[in-house]
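Q: Coordinates for the following, if possible.
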Amino acid sequence: MNNKKSKVVQYNRWGYIFLIPFLVTYVIFQLVPLADTIWNSFFENYRSGLKQIGPNFIGLANYAKILSQGDLWQYAGNTMIMWLIGFVPQIVVSLLLGAWFTDPSLRLKAQRFFKTVIYLPNLIMASAFAMLFFTLFSDGGPVNSILMNLHIISQPYRFFASVAASRILVGFMLFIMWFGNTTILLMAGMMGIDQSLFEAAEVDGATARQIFFKITLPLLRPILVYVLITSLIGGLQMFDVPQVLTNGTGDPARSTMTMIMWLNKHLYSKNFGMGGALSVLLFIITGILSLVVFKFTGTDTDK
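A: Model (predicted):
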């Protein structure tokens, strides 16, 4: 018995050995930079012209300055609005497509082809997507030309001069890029549901809508929570699409300026103290929002 236990212990050691590369990589590229960012956030450290100011220890002054500015709340609001514009249709369309593809009664043909097609936008670089939309919706672009030829508008519509249009374009791009990935995740969850539950519901006379809302959605809750949290974290880190689409200005009237774009401006101007403080605040906001989402949408293990 002791010999068998010792063999199991020796065998388990290999698991820890295989974890060493991950732990070393995590410490070097994640933990150390995180600690360094937190440390720099307590210092005044920026360049003014050719003169370097600091680093001087100033405690929580950087945090107080950021929180006292209206820019933080404006850019946080911009980020959440554009994320919602993209996420709401994304989750709705993904649920519909997932239910469609996993319904055996429909017997859809060429499913692999359609799954590949809807996932392809996720493989395109966000910067390339933004450049494509910038060309399509520019003042002299194809979209304006088509609308004018159809006599819908008499002169080019300035999409990038409109707050609503700019935000909708960013949200629409995020939707196009990510709905395929979300569809695949939800399909995997739906295919893991015991088919006998659906068969029993059909025998009891349940309609397709009742089956979807009473069986499919409740059992998909863990996957939906995962999708919501990961999408929220990705939304708070929104950068490349609005950065390329507005050339880093966040116009019109900074309505498409996100928190990461604002952080990038601090880092570009070598203001490492403010950049570090903003990074830490963004990390805290992300953690709090993720916990709130998990609390209100996660599975209650006490029941």
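Q: Residue nearest the middle of the protein, spatially speaking?
A: Nearest to the mean C-alpha position of the chain, by CA atoms, centre = their mean, lies residue 234 at 2.2 Å.
Q: how about the helix or strand hosting that one as PDB, C-alpha atoms only?
A: Assigned by DSSP states H and E, residue 234 belongs to helix 221-236. Extracted in PDB, the C-alpha atoms of helix 221-236 (Å, rounded to 0.1, in the frame of the first residue of the first chain):
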ATOM      1  CA  ARG A 221     -26.000  30.000 -17.600                       C
ATOM      2  CA  PRO A 222     -22.300  29.100 -16.900                       C
ATOM      3  CA  ILE A 223     -21.300  29.700 -20.500                       C
ATOM      4  CA  LEU A 224     -23.300  32.900 -20.700                       C
ATOM      5  CA  VAL A 225     -21.500  34.200 -17.500                       C
ATOM      6  CA  TYR A 226     -18.200  33.300 -19.000                       C
ATOM      7  CA  VAL A 227     -19.000  35.100 -22.300                       C
ATOM      8  CA  LEU A 228     -20.400  38.200 -20.400                       C
ATOM      9  CA  ILE A 229     -17.300  38.500 -18.200                       C
ATOM     10  CA  THR A 230     -14.700  37.900 -20.900                       C
ATOM     11  CA  SER A 231     -16.600  40.300 -23.200                       C
ATOM     12  CA  LEU A 232     -16.800  42.900 -20.500                       C
ATOM     13  CA  ILE A 233     -13.000  42.700 -19.800                       C
ATOM     14  CA  GLY A 234     -12.400  42.900 -23.500                       C
ATOM     15  CA  GLY A 235     -14.700  45.900 -23.800                       C
ATOM     16  CA  LEU A 236     -12.800  47.800 -21.000                       C
END
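Q: Next, the distance between the ends of stretch 143-155.
A: By CA to CA, to the nearest Å, the extent of stretch 143-155 from end to end equals 12 Å.
Q: same question, stretch 46-56
A: One end of stretch 46-56 to the other measures 10 Å (CA to CA).
Q: Fine by me, thanks again.
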